[in-house]
Every structure is written in structure tokens, then in C-alpha cells.
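J.: please work out how this folds:
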Amino acid sequence: MGAAEIAILGTLFVDSILGLIVYFTNRKRVVNQQFLLFTAGVALWQLSGWYALQAPSSEHAATAIRFASVFAALIPTSCHLLRLSIKYQNMSFLAVMQKGSGFLLINLITTIFCFTSFFLKSATMKVADVAFNGAHVEPEYGNGLALYAIYFLFSGIGLIVAFKRDLQQLRGSQKSELAFVVLGATVALSVGTTLSLSIPLIAGTSQFVPFSNALSIITLVSTIGYGIATQRILGILTIIRRIFAYTLLCLYLVVLYLCVWFALFFISERLSISSLLPAHVVATLVVAFSMAPVHGRLQKVADKLIPSKLIDIPGTIKMAGDIFQSVTTLDALCSQFSVLLIKALGAEHVRMLSATGKNFRLSYELGSHYETMELMQETPLIKLIKTSKEPVSRDSLIRVRETPQSVASLQIMLEYDISVATGVFSKGDLSGIVLLGAKNDGRIYDKTEQDALQILCNQLAVALENARLYTEMQDSKIRNEIMLDQLVSGVIVASPERKIALFNHEAQRITDIDEHGAIGESIDVLPRPIIHALDATLEKQVGVRNVDATLFTQDSEEESASIRMGSAFLFGHDSKPVGALLVFTDMTELKSLEEQVRRSDQLSSVGTLAAGMAHEIKNPLVTIKTFTQLLPKRYADEDFREDFASLVAHEVERIDSIVNELLSFSKPAKPHLIPMNLHETVEQTLKLMSEQLSQKNIALKNTCRAGKAAILGDARLLSQALVNLVLNAIEAIDDGGHITVGSINCMHLFATGAKPGNPIAKNCIRLQVSDTGAGIAQESLQKIFDPFFTSKSDGTGMGLSVSHGIIREHHGVIEVESEPEKGSTFYIYIPLLEEGGAIA
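T.: Okay, here's the model as predicted:
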């Protein structure tokens, strides 16, 4: 078997395999079907040529040549049909064949023409010779050969014009596929012509020419097949630049090899070395070591000689990095990133979708007419992006074998005018999608650009997360600043160096210190009670809670505000001290209201007491009245006068004592805690209540047995609290009940301002007020100390609230136990006076 037979069989095999591969990538696509028809025509042409070489007689050889000529004439027609299928992709196979019927008719005429003697007279079989390295056939053509050549000439010109027109009109994948057809034909013609002319000159024989023809055919078929079947193809200019670069590299390496070899050959002759092996080895090593650095340089030369509109990947990535580092907000980041994509890739428009729950919604768009857009998580396109984790191109979906997912995804991309959809993955999850429109110049997004787009989107994912966190932080900061300024409490933050870091609007109002005069300054500019609280918190790294204090004006000792404050020590995420936080509330108005409520409650109690004390005063007045009426008649009776004077004086003292006690109870007073004996206050208060108790036949038991009753307190306020408790007990008891007031010494847990969550046990006196009344319902127990809460139709709901406030001002605790129909018991716990304290 000669070189021609081997070359033909090799070409036939490769051509058939490529045709089938392209066809089975998408059997339903008309372009793939037409490509199979094209490769079949080329294969039949090659097969006919092979049979002509193997023909048993000249007649068989002539017939084979006629068939080869027919199939060769079909190649321009199949190229035309391939062009039509690319241009009109929505047409069916039969519609394309019908549209190319003109060429098919010419082929029919050509077929008849090829089987006439006017085209081919005969064929002569030649024996093997050195030039052809095997048997060959010499055809004897007739005068019709010129017409056959004219057919190819005009067919070629017509195809060139048609391809040129279509390349100017078409866009996207259609333009790219046509360009690959043109490229394949151009490269194949160039390779075949160059090698066919150069091989005989270099080798001195034509036996290798069939291999050059085979190489040109394989180049043609593989180039066109690559452009039709590959999902993510390289741009046509990229391939041309690479081909040009590799051509330059091959020429350079051949010249370098020959130069080194001839130089060493010349030296070997001078040194009388007959072996040429050293020259070949050294030349090979020089070529091997120079290949890598030279390839990069020649690629740059090719890039300069063949300009391209392809993306500048290093420059674009650098620009993207600058954007990601400088831009902080989400809107600004999306805007500048979209502008970058439009400039770098030449996209008509950019849309960005963000994951929101189960959907992806349009968060930013540039250049498109879509104001709203939403894709469900279960959308086939979303699933395809998740599974592939690479850009999904509309052009690629057209080429791939049809599946329900690819068809549905393609439909979505056509509906929303999407050319490329790229996922933005954050921590392995799809957090967003970047959608690009078609290119302005009509080209496709080739593999290089899609890879660059995915790299940019991977960087975008990190930048979006950072921008989102920054935006949330800024929003949180703004919200916090607004909240701090709108708070009705003052807020101060001090650093461990005692510098004021935060000073909100209410703090400025309460302290009468401007923000500019506080921020960054030492806490020493603040009022003294606040300084003490912050210093204590910074020093002990423990906050305080519910500490009452009074602020005074800077220029005088005049009271400016009453505050209640609490603090906390702040630690950072690394457990390092950050500073102290102090929150304080202006209690001035509340104190005033409490005083008014207390006064109103006190007057109400006075009224209640006065009604009962009127009867108490009436008894001595009756005695005085009786003696006064008898005095004129018995004035001469000395014993009567003496008894009268003594009795009247006693009764007047009694009335004076009652009135003084009532006046003392009713006097308005601010809390003034001094050493006192609680038992004395209890006895005086119960004495005031005696008439109210007797009117309802209520028995009073005083069981105050506490050995220690010395406390720091205000007798008037404590008396008011006790009166409220006893009056409530009287109202809860029907006639005939009893009230017990007693005291004992005990230990009790008291919460402190410094450690409210860690109460301290202290020695105290417990005052107990029990009654046998109706009791309190369980649902009301938690509310009885709330202001204005009452279960009575005529009550104000302030008595127990005032009592609770008074006990709290004495650093005490009031508790209640009650069961319906069995009565109630109120317990008052007040810390005892420390040792050495005097009792008033």
C-alpha cells in the first residue's frame, strides 16, 4: 500500500469519526445534521479516490474518478447548505435543503456531466514508481474539464460573497460558527497549497504530497467541527493568533535547529569527526531549552500583529481589585462592577440578581429595560448554574444535546434576553447571579471571556459579603446613633483611659454639658456622682444598678436634677477591656410626681383619720361641755371648781395630743433618713388608727417583739406606709375580724446597686401586718404595688404603690402573701442600723 492509499484511509477515518462526534453532540440540531452531510461528502470523495487507486482495471478506475468528481462537486453545495443551516437555525432539515435547491440542481447537472466523455475520456493504470511510492492512475480529461473548473471558480466566489455578507449581518453564535467555517477553509487551503508546493522542493519527491492533502482536509473538518460542537469555544481571533504564534514558533525552531546543526557540522568537518549524532543532539537540546521563553515572546508578537477586542484579563482583574478595595456600599459596588463588565466585555446590559429567601430578585441593572425580575430557586437555569458552577452561555445551550433542563434554561435565557449567566458563590452557596446581554459587536462570549467572568464573580462574592457587612454596620451605626439621640435616658461611654467616647443628646441635656465639650475629654468634666460611678465601674470592672443620685449646678449647690443610674463594664470580642457604659435617667419630674402622689395619699389618709378622730375629740368635749354648763350653778363649790379645773386640763391635753399627732402626720416632708426606733413609730401610728378599728369592731394585736428596732428612716413616711397597710386591712375585713402587727429580727437578702444579680444577706427587722379579710386574688398579687391598680370601685390605687416606694427609699423590701377568703400578710424588711449608730 502506497503513501496515497495510507493518507486517504487515514483522512477517511478521521473525517468519519469527527462527523459522527459532532452529529451526536446534538442530533436534533440542523447544523449538526448538515455537518454530518458535509463530512459524508468529503468521505465519499476520499473513498472514491482510494478505490480509483485500487481499481482492477482502467474502466473501474475511470468510474471511480467520475464518482470522485461528483462528490468533489458536492463539497461547495454542502458548504452552502451548512451556511444556510447556521444562518436560519429555526429551519428544519428539509426546509434548508429546499432553500439550497439551486445548488442541488447544479449538482445534478454536474453529476450527469461527469459521466460523459466530454468530461473524462479514459483512465490509465500505472505501475508503482519511486515518485509516487505505489500504483497510480493517470486520467485523460476531455474539453469539459474547463467547465468543471469554472463551476468550482464561481461556486467559490459565490460562497465567499455569501459568507462575507452573513458575517456582517449575523451576531453571536451564528457569526462565530460561520467564522469557523471560513477559518477552516482558509487554513486548509493554505496548509494544502503550501505543503504541496514546498514538500517536493525540500524532499525532492512527491510521495509525501498525499499526506499534506490529508492534513489540509483534516484541518478543514476539525476546525468547522470545533466551531459547531464545542460548548465553550475560543474566539476566532484568539485561535488565529494562536495559530500564527505557533507558526512563528515552528519557523523559529526549524531555523534555529538548522543553524546549530550546520554550525556543528562545519566544526565536525574541521575536526575530522565523521559522526553527525553530536550535531543533532546539541541542536535538539538548544531547541528544547529555547522553546518555553520564545513561545511567550512570539505570543506577544502575534497579539500585537493581530489586534483583538478580547478582554484584557490581567488589566480587568486589577481594575476589579481596585473597585473591590475602594467601594464599600452594595449599590456603589454593583454599579462600578457593572460598568467594568460593560467596558471589558462589551456587553449591552448587565443585571444582578440577589438571593432573597427562595427566590433570586433583581437588585441592580445597567443598560436593560427590566425594572423587575425574579427567578425561583427551582428554576432550571438556577439549578444548571448550581450544578455546573461555571458560566452558562446561551450559545452553548444551543449546541449541547437537548435535555429538559437545557431546553427550559435556553427558553428562560431567550425570554429575558440573557447571553451569559454566571453564579456568584459565597461559601459554597449561590448568593447571586450576574446576567449579561449580547455583545455590542455581535461576537460570542468565548471560553477565555467566560473564564475571566467567573474569576471576577468569585472575587465579587467576597466583595459583596464585605460590602453587605459594611452596609449593615453603617446602617446599624446610624440606627444606634438615632436611637441613642432619641433615648429618654442619658448614655455615656468612657474608655479605660477615662476618656469620654460617647455622650448622647439626653446626657447633654441632663448634665448641661455640650457634646463638643465632652467627647474626647476626661470624665472629670462630668458631675461628681457620675464620675464616682464611672470610676468605680472602670476600677472594679463591675457595673452598678439602680443607684439614685442628685446633680447640682456647677456654680452653686443648687439641686439641678435627680437621676437614677446603672453601669456596666464592656469587654471586646477578644475579652480585652473596652470601657464603661453608664445609663442614667432624669428622675426629677418623677420625684415631683411621686411627692405629689404621696402628698395626695397622705391627705386622703388624714381625711380618713380625721373622720375617726372627730369622735375621739368629741368625748373630752362632752365632758368639758357638761362641766361648763354646771359651773354657774356650782361655782361656789370649791371641790367642784378644783375637780373641774383638773378634769378640763386633762381633757384639753388629750385633745391637743390628738391634734398634734394629726398635724405631724399631715405635714409634707421629703425623705430624711435619720437613726430612729421603728417600734415607737408603729405605736404612735396604731394609736392614730384606734378609732377606725373600733368603729368596725376590729381587734388589734401588737406583737412587736424584735430585740433590735434601730434603723435609718423617716418616721413620718414610715407612718404613712403603715397607715396605708392598716387602712387596706380595715377595708378588707368585715365586722369582727382582727389585725396583727408584729416584728422580729431576721436575716434577709437585699439586692445592691453594684451587684443586683448577687444579693447580700443583712440583719434586719421584719414588720408584719396581717388581717383576716377577704384576701387577694392570685392574678392580682403581681399588680398590687403598681400605680393606680385597685380592685375597689372607689379606690385610687395609689396607697400600696406609695407604701412600696417609701419602703424602697428606706432600702427595704415589701412582700405579700395572700389567699382568698383567708386574709393577707404584708412583710416589710428594713436593714438594721449599723453598730454605734444613735437612735433619735
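J.: what ranges do the helices span in the stretch 151-300 of the chain?
T.: 172-203, 209-229, 236-270, 277-305 (DSSP state H, counting those that start in this stretch).
J.: figure out which of those helices is closest to Leu456.
T.: helix 236-270 (18.5 Å; Cβ to Cβ). Yep, even glycine has a C-beta here, placed from its N, CA and C like the rest.
J.: tell me which other helices or strands the closest one touches.
T.: Counting contacts by 3 or more Cβ pairs under 8 Å, 6 or more residues apart in numbering; DSSP states H and E, helix 236-270 is packed against helix 172-203, helix 277-305.
J.: quick revisit: any chance of the helices of the stretch 151-300 of the chain in TSV, with distance to Ala645 and mean pLDDT too?
T.: Putting the helices of the stretch 151-300 of the chain into TSV (distance: least, Cβ to Cβ, whole Å; pLDDT from 0 to 100) gives the following:
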stretch	distance to Ala645	mean pLDDT
helix 172-203	129	72
helix 209-229	137	77
helix 236-270	133	77
helix 277-305	134	75
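J.: nearest to Ser117, of the ones you listed?
T.: Closest of those to Ser117 is helix 209-229, at 27.3 Å (criterion: Cβ to Cβ).
J.: just name the most buried of the helices of the stretch 151-300 of the chain.
T.: Compared across the helices of the stretch 151-300 of the chain, helix 209-229 shows the largest average neighbour count, a mean of 22 (mean count of other Cβ atoms under 10 Å).
J.: what sits against Ser419?
T.: Gly172, Ala347, Ser393, Arg394, Asp395, Met413, Leu436, Gly437, Ala438, Lys439, Tyr445 (Cβ atoms under 8 Å, 6 or more residues apart in numbering).
J.: so the fifth one makes contact with Gly227?
T.: Think Asp395. No - Asp395 is not in contact with Gly227 according to Cβ atoms under 8 Å; the separation is 10.8 Å.
J.: what sits in contact with each of the two?
T.: Joint contacts of Asp395 and Gly227 (Cβ under 8 Å, 6+ apart) are Ser176.
J.: okay, now Asn546: neighbour count?
T.: When neighbours are counted by other Cβ atoms under 10 Å, Asn546 registers 12.
J.: how close does it get to Gly566?
T.: Noted for Asn546: a distance of 6 Å to Gly566, by Cβ to Cβ, to the nearest Å.
J.: out of the helices and strands in the protein, which is least certain?
T.: helix 588-634 (a mean of 63; mean pLDDT, DSSP states H and E).
J.: show me the contacts for Gly41.
T.: Counting by Cβ under 8 Å, 6+ apart, Gly41 has contacts Phe71, Leu74, Ile75, Thr77, Ser78.
J.: at 7 Å what do you get?
T.: Phe71, Leu74, Ile75, Ser78 (Cβ atoms under 7 Å, 6 or more residues apart in numbering).
J.: what of Ser363?
T.: Cys334, Met352, Leu353, Ser354.
J.: which element is the nearest residue to Ile412 once chain neighbours are set aside on?
T.: Using Cβ to Cβ, 6 or more residues apart in numbering and skipping residues adjacent in sequence, the residue nearest Ile412 is Leu381, 4.8 Å away. Element membership for Leu381, per DSSP states H and E: helix 380-388.
J.: which helices and strands sit right next to that helix?
T.: Helices and strands touching helix 380-388, as assessed by 3 or more Cβ pairs under 7 Å, 6 or more residues apart in numbering; DSSP states H and E, comprise strand 392-393, helix 404-415, strand 420-426, strand 429-436.
J.: and for Lys427, the neighbour number?
T.: For Lys427, using other Cβ under 10 Å, the count is 8.
J.: what is the neighbour count of Asn480?
T.: 11.
J.: repeat for Gly713
T.: Gly713 has 26 nearby residues by other Cβ under 10 Å.
J.: check Leu712 too.
T.: There are 16 residues near Leu712, going by other Cβ under 10 Å.
J.: what secondary structure does it sit in?
T.: strand (DSSP: H, G, I helix; E, B strand; the rest coil).
J.: what pairs with it across the strands?
T.: Listed beta-bridge partners, Leu712: Pro675 (assigned using DSSP bridges).
J.: ok, it touching Leu673?
T.: Yes - taking contacts as Cβ atoms under 7 Å, Leu712 lies within contact range of Leu673: 4.6 Å.
J.: quick one, helices of the stretch 1-150 of the chain?
T.: 3-25, 30-54, 58-87, 93-99, 101-114, 145-169.
J.: helix or strand for the residue of the chain positioned farthest from its centre, which one?
T.: Centroid-distance maximum for the chain: Ala636 at 109.4 Å, with Cα atoms, centre = their mean. For Ala636, there is no enclosing helix or strand under DSSP H and E.
J.: how much space between the residue nearest to Ile412 and Val42?
T.: From Leu381 to Val42 the distance is 38 Å (Cβ to Cβ).
J.: for Asn90, same thing?
T.: Counting by Cβ to Cβ, the gap from Asn90 to Val42 is 27 Å.
J.: thought Met352 was touching Phe360?
T.: No - distance between Met352 and Phe360: 9.8 Å, which falls outside the contact criterion (Cβ under 7 Å).
J.: does Ser16 really touch Leu44, like I thought?
T.: No - applying Cβ under 7 Å as the test, Ser16 and Leu44 come out as separate, 10.3 Å apart.
J.: so Asn697 makes contact with Asp735?
T.: Yes - the pair Asn697 / Asp735 is scored as a contact, 4.9 Å apart, by Cβ under 7 Å.
J.: quick revisit: between Asn90 and Val42, point out the one with more neighbours.
T.: Per other Cβ under 10 Å, whichever of Asn90 and Val42 has more neighbours is Val42, with 23 against 6.
J.: if we ignore the residues flanking it in sequence, what's nearest the more buried one?
T.: Asp15 (5.4 Å).
J.: what residues are up against that neighbour?
T.: Neighbours of Asp15 in contact, by Cβ under 7 Å, 6+ apart: Thr39, Val42, Ala43, Gln46, Ile217, Val221.
J.: output the residues you listed as CSV; include the columns distance to Met376.
T.: Listed next are the contacts of Asp15 as CSV, based on distance: Cβ to Cβ, whole Å:
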residue, distance to Met376
Thr39, 42
Val42, 47
Ala43, 48
Gln46, 52
Ile217, 50
Val221, 43
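J.: and which of the residues you listed is nearest to Ile267?
T.: Of the contacts of Asp15, the one sitting nearest to Ile267 (Cβ to Cβ) turns out to be Ile217, at 43.4 Å.
J.: how much space between the closest residue to Lys386 other than its chain neighbours and Asn458?
T.: Closest residue to Lys386 apart from its sequence neighbours, by Cβ to Cβ, 6+ apart: Leu430 at 5.4 Å. Between Leu430 and Asn458 the computed distance is 12 Å (Cβ to Cβ).
J.: these two: which has the busier surroundings?
T.: More crowded of Leu430 and Asn458, by other Cβ under 10 Å: Leu430, with 19 against 14.
J.: contacting residues for the more buried one?
T.: Contacts of Leu430 (Cβ under 7 Å, 6+ apart): Ala355, Ile385, Lys386, Gly423.
J.: okay, it: pLDDT?
T.: pLDDT recorded at Leu430 is 88.
J.: where do the domain boundaries of the chain fall?
T.: Following automatic domain parsing, one gets these domains for the chain: 3-171, 236-309, 321-473, 488-584, 587-668, 671-840.
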